[in-house]
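Student: turn this into a model:
(one chain, ligands or ions: 1)
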Amino acid sequence: MALAAGRAMLMRSGVRLGTQAAARGGNGARRFMNHRVVVEPNTVPGVAVIKFKNPPVNSLTLEFLTEFVICLEKLENDKTFRGVVLTSDCPGIFSAGLDLREMCGKNPAHYAEYWRAVQEMWLKVYLSNLVLVAAINGTSPAGGCLIALSCDYRVLADNPRYRMGLNETLLGLVVPFWFKDTLVNTIGHRASERALQLGLLFPPAEALQLGMVDQVVPEDQVQSTALSVMTQWLAIPDHVRQLTKNMIRKATADHLIKHQEADIQNFINFISRDSIQKSLQVYLENLKQKKH
Ligand SMILES: CCCC/C=C\CC(=O)SCCNC(=O)CCNC(=O)[C@H](O)C(C)(C)COP(=O)(O)OP(=O)(O)OC[C@H]1O[C@@H](n2cnc3c(N)ncnc32)[C@H](O)[C@@H]1OP(=O)(O)O
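Tutor: Model (predicted):
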């Protein structure tokens, strides 16, 4: 369903999938390439590396979300792959989170389409049958942090400029319950209470201490560490690991699935308010201003 809708959307936006999107790398390995998401099979058998390539900041545009979901779906359907490392091709930035322009000055139909794409992306990542390891090689606020939190394991680059967290309150936004649930499931209730209300973005040492990430390593070792962690996870037979993952995550995902339409309506109502539109515009304007 998501794949069909995504394909239709990508056709509308001019992105071609299938054979046009596949190329052969120098070593003969198959390399799926769309515009904004690059998928590379790696030297570790059964493992692919997905690189986010939506410059300048890997913001989660509608097109990006759709390509990302399609890539994951293709890898899940290709039985040669058992694990995926998620990382970024944009230096210093894992993902800047939801694209603010998708939530600013648009109509309700657009907000509905965008929010459904955000929900579908989260459900796809959170419930993936694949082992997902986030190799976080840059800053990752809000939606970028959500993607990392939804993986099975997180390796973060040891660079104090790279901050991670759900900073929505600083934008005047309230996190949806499923963002909150994902954080609570990772770092616990009390730490989430503080982090969410204050919109805290944590440097690597604090993220590690909180359990927001599993490992902090030198920047040039993020991907290699993610790949060696993957070997440990792949030593477990898929079916028992998948059933165990599903048992742990199902209730959290079902909560959204059950309330998906209401959650979309809530988003439309909230984001359409004049006051919210104003704070998003001011936030975007401040991002531009800081350059001058
Ligand atoms: C009810 C809704 C609930 C859920 C809501 C939201 C969840 C979210 O994910 S909201 C998004 C939260 N994200 C952020 O707060 C990050 C904002 N960005 C930054 O802090 C910085 O851009 C960042 C640290 C990521 C990178 O810094 P720089 O390398 O210095 O780059 P610039 O700041 O100059 O940015 C370059 C360019 O990109 C635009 N930009 C940045 N972030 C976003 C974004 N999230 N969406 C859209 N566009 C973004 C920025 O404005 C610059 O644009 P130009 O000025 O046109 O070049």
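
Student: hmm, residue 188 is touching residue 211, no?
Tutor: Yes: taking contacts as CB atoms under 8 Å, residue 188 lies within contact range of residue 211: 7.5 Å. Backbone N, C-alpha and C define where each C-beta goes, glycine included.

Student: what residues does the stretch 101-250 of the chain have near the ligand?
Tutor: Proximity of the stretch 101-250 of the chain to the ligand, by CB under 6 Å from any ligand atom, involves residues 101, 139, 141, 142, 143, 167, 168, 171, 173, 175, 176.

Student: are any of the residues you listed buried, and which?
Tutor: Buried members of those, scored by 16 or more other CB atoms under 10 Å, are 139, 141, 142, 143, 167, 168, 171, 173, 175, 176.

Student: now, those residues that are in strands?
Tutor: Mapping those onto strands (DSSP state E) picks out 139, 141.

Student: out of the buried ones among the residues of the stretch 101-250 of the chain next to the ligand, which are inside helices?
Tutor: Residues of these located in helices (DSSP state H): residue 143.

Student: can you add pLDDT and give the buried ones among the residues of the stretch 101-250 of the chain next to the ligand back as JSON lines?
Tutor: Below are these laid out as JSON lines (pLDDT from 0 to 100):
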{"residue": "139", "pLDDT": "98"}
{"residue": "141", "pLDDT": "98"}
{"residue": "142", "pLDDT": "98"}
{"residue": "143", "pLDDT": "98"}
{"residue": "167", "pLDDT": "98"}
{"residue": "168", "pLDDT": "97"}
{"residue": "171", "pLDDT": "95"}
{"residue": "173", "pLDDT": "96"}
{"residue": "175", "pLDDT": "97"}
{"residue": "176", "pLDDT": "98"}
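
Student: of the buried ones among the residues of the stretch 101-250 of the chain next to the ligand, which is the nearest to residue 70?
Tutor: Lowest distance from residue 70 to these (CB to CB) belongs to residue 143, with 18.1 Å.

Student: distance of the residue nearest to that closest one when sequence neighbours are not counted relative to the ligand?
Tutor: Using CB to CB, 6 or more residues apart in numbering and skipping residues adjacent in sequence, the residue nearest residue 143 is residue 97, 3.5 Å away. According to CB to the nearest ligand atom, to the nearest Å, residue 97 and the ligand sit 3 Å apart.

Student: give the contact list for residue 97.
Tutor: Residues near residue 97 by CB atoms under 8 Å, 6 or more residues apart in numbering: 59, 60, 140, 141, 142, 143, 144, 145, 146.

Student: if you set the cut-off to 10 Å instead, what comes out?
Tutor: Counting by CB atoms under 10 Å, 6 or more residues apart in numbering, residue 97 makes contact with 57-60, 139-147, 166-168, 171.

Student: torsion angles phi and psi at it?
Tutor: As for residue 97, its main-chain torsions (degrees, to the nearest 10) stand at phi 90, psi -160.

Student: the one 10 residues further on now?
Tutor: Here is the backbone geometry of residue 107 (degrees, to the nearest 10): phi -100, psi 170.

Student: so which helix or strand of the protein has the lowest pLDDT on average?
Tutor: Using mean pLDDT, DSSP states H and E, strand 22-24 stands out as the lowest-scoring helix or strand of the chain, at a mean of 40.

Student: what about stretch 270-285 and the ligand, any contact?
Tutor: Yes: for stretch 270-285, a contact with the ligand is found by CB under 6 Å from any ligand atom, at 270, 271, 284.

Student: who wins for most neighbours among these?
Tutor: Among the residues of stretch 270-285 next to the ligand, residue 271 has the most neighbours (other CB atoms under 10 Å), with 19 neighbours.

Student: any idea of the pLDDT on that residue?
Tutor: Looking at residue 271, its pLDDT reads 98.

Student: verify the stated contact: it with residue 107.
Tutor: No: counting by CB atoms under 10 Å, residue 271 stays clear of residue 107, with 11.0 Å between them.

Student: all strands of the stretch 151-292 of the chain, in order?
Tutor: Using DSSP state E, counting those that start in this stretch, the strands assigned to the stretch 151-292 of the chain run over residues 153-157, 164-165, 215-217.

Student: which of the ones you listed sits closest to residue 277?
Tutor: Closest of these to residue 277 is strand 164-165, at 24.1 Å (criterion: CB to CB).

Student: quick one, what contacts residue 115?
Tutor: Residues counted as contacts of residue 115 (CB under 10 Å, 6+ apart) are 98, 102, 103, 176, 260, 263, 264, 265, 266, 267, 268, 271.
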